[in-house]
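> My questions concern the predicted model and sequence given below.
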Amino acid sequence: MRTPLPLVAILLSLSTALHAADQTIVLKAARMFDGKSKSLIANAVVIVQGDKIADVGSNLTIPNDAKVIDLGDATFSPGFMDAHTHLTLDYTGTYNERRLKELDLNVSEQAIKATAYARATVEAGFTTVRDLGSRFVGSPEFVDVALRNSINKGVVVGPRMLVATKGIGATGGHFDPTSGFRDFLFGREADYTEGIVDGPDNVRKAVRFEVKNGADVIKAAVSGGVLSLADEVDTPQLTPAEMVALVDESHRLRKKVAVHCHGDQAAREAIEAGVDSIEHGSFMKPETLTLMKSKGTFLTPTLMATEWIMGRIANYPPALQAKAKAAGAARSEMFRNAVKMGIKISFGTDAAVFPHGQNAKEFKLMVGLGMTPIDALKSATANDAELFGIAQKTGTLEKGKLADIVAMPGDPTADITATERVWFVMKEGKIIRNGPPTPQSTAASTVIEQVVEPAE
Ligand SMILES: [Zn+2]
């Protein structure tokens, strides 16, 4: 028998209302990483009321009226964060096919696909992401802003998003959407409305335009990149004067600045200008890392992006293969140095280069290059919260913080790949997942897998 739809809707909304209101939920597990401590805490209990953590600790007394969820031999962590995603995009698969598809697909259709990517991401345990760039050639749409707002309104299931709108960059640089195509194919040169700028005043114009349209964070490309056809991977692409204008205008508007940067010279100039994070940082020399440490700049290493590209190098045109190999060869040593020197590391992956929902694979790469499992977990929780400017609300399991909580089987300090098997996800006190992923997510990831698993 089929239940009439309106009844289902009423029941669903009633149950959501009940959950959100008073019921105390007690979560129990064998251990927990609280986001601050240097080791795991045994016999973890988290008491959740509404959207917040009412209490947390070891062997706490359980309130009488509480609903108890005992997860057994599992480890809690604050919800993971990813400082570098592109939830509205999909760069997987064969490069040229993807490039053609991007011109082919209606932007609305791409926005609908993004809702599946958002769900796959939160179900993998990532309750907050910083989304660093969303751009569709020849389209004025702000799909990342729309996705963020729809998630905030409960229309779409996904992580809390801090969005950057269009990445800001120079004419002909890594972010120029018309670069690599025949001249004037799109009828005009890209301008500040697409993030493409030249000169300090034009940089300020782009920052103001993006904040006006909903940007939470400003992203810029200060050096070349791997997945762009008309630039070298490590050449500087904004002048020091443009970077100073970028940082000054963003900080005046109380927005952080994240810069895409592989090259050493561009990184040095960007750090001097006062950016908040260097994304990728492949070719940074030890002297540049020293400068970074003294300035307190974060490094978002995005090891997964290079890993994915290197694993499928034949999918990319020869010019990009050479750039990927050079960046891939340099980044491991850079990352090891950064860990040894105690640079602040923010967990970030560049999801979209690889399939959404596989973000946690970054943990294993970080640990493989010398980071301790606890520091890797801290990078994805407390460190990211600090970089995002939301540490007073989330990033640790503490009384009064938002109830963003994930659980993974076993002990991640013994096997960091436990982070890839998260099966309990709570965001702001609402259970998003407790067991296998939802059918919608399975459907979405099936589609993703079909697109992205070509012969290697
Ligand atoms: Zn990126």
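Yes, it's here.

> contacting residues around Gly158?
Neighbouring residues of Gly158 by Cβ atoms under 8 Å, 6 or more residues apart in numbering: 87, 115, 118-119, 121-122, 147, 151. C-betas here are computed from N, CA, C, even on glycine.

> mind redoing it with 10 Å?
Remark: with contacts taken as Cβ atoms under 10 Å, 6 or more residues apart in numbering, Gly158 is in contact with 87, 114-123, 126-127, 129, 147-148, 150-152, 427, 432.

> repeat for Ala327
224-226, 233-234, 262-263, 280-283, 305-306, 309-310, 334.

> Kindly indicate the member of those residues with the most neighbours.
Gly281 (32 neighbours; other Cβ atoms under 10 Å).

> Spatially nearest residue to it, not counting backbone neighbours?
Leu299 (5.4 Å; Cβ to Cβ, 6 or more residues apart in numbering).

> Can you tell me the SS state at the one you found?
Assigned with DSSP: H, G, I helix; E, B strand; the rest coil, Leu299 falls in the strand class.

> Wait, it touches Val275, no?
No: in this structure, Leu299 is not within contact of Val275 by Cβ atoms under 10 Å, at 11.2 Å.

> Now do the shared contacts for these two.
Contacts common to Leu299 and Val275, judged by Cβ under 10 Å, 6+ apart, are 267, 292.

> ranges for the helices of this protein?
5-20, 95-104, 107-123, 143-152, 200-212, 240-252, 264-273, 286-295, 303-311, 318-341, 361-368, 373-378, 384-388, 439-452 (DSSP state H).

> Deepest-packed of these, please.
helix 384-388 (a mean of 24; mean count of other Cβ atoms under 10 Å).

> Can you tell me how far Ala164 is from Gly435?
Applying Cβ to Cβ, to the nearest Å, the value for Ala164 to Gly435 is 34 Å.

> if you count what's nearby, which of those two comes out ahead?
Ala164 (28 against 7).

> List the residues that contact the residue nearest to that one when sequence neighbours are not counted.
Leaving aside its chain neighbours, Ala164 sits nearest to Lys219 (3.8 Å; criterion: Cβ to Cβ, 6+ apart). For Lys219, the contact set (Cβ under 10 Å, 6+ apart) comprises 84, 130-134, 163-169, 175, 195, 210, 250, 256-260, 277, 279.

> picking up where we left off before, so what's the residue nearest to Gly281 bridging to?
Ile278, Ile345 (DSSP bridges).

> how much space between Gly169 and Ala324?
19 Å.

> before we move on, the earlier item: pick out the most distant pair among the contacts of Ala327.
Among the contacts of Ala327, the pair separated by the greatest distance (Cβ to Cβ) is Gly263 and Met310, at 19.3 Å.

> and of the contacts of Ala327, the nearest to Gly72?
Ala305 (34.8 Å).

> Model confidence score at the closest one, please.
We have a pLDDT of 95 for Ala305.
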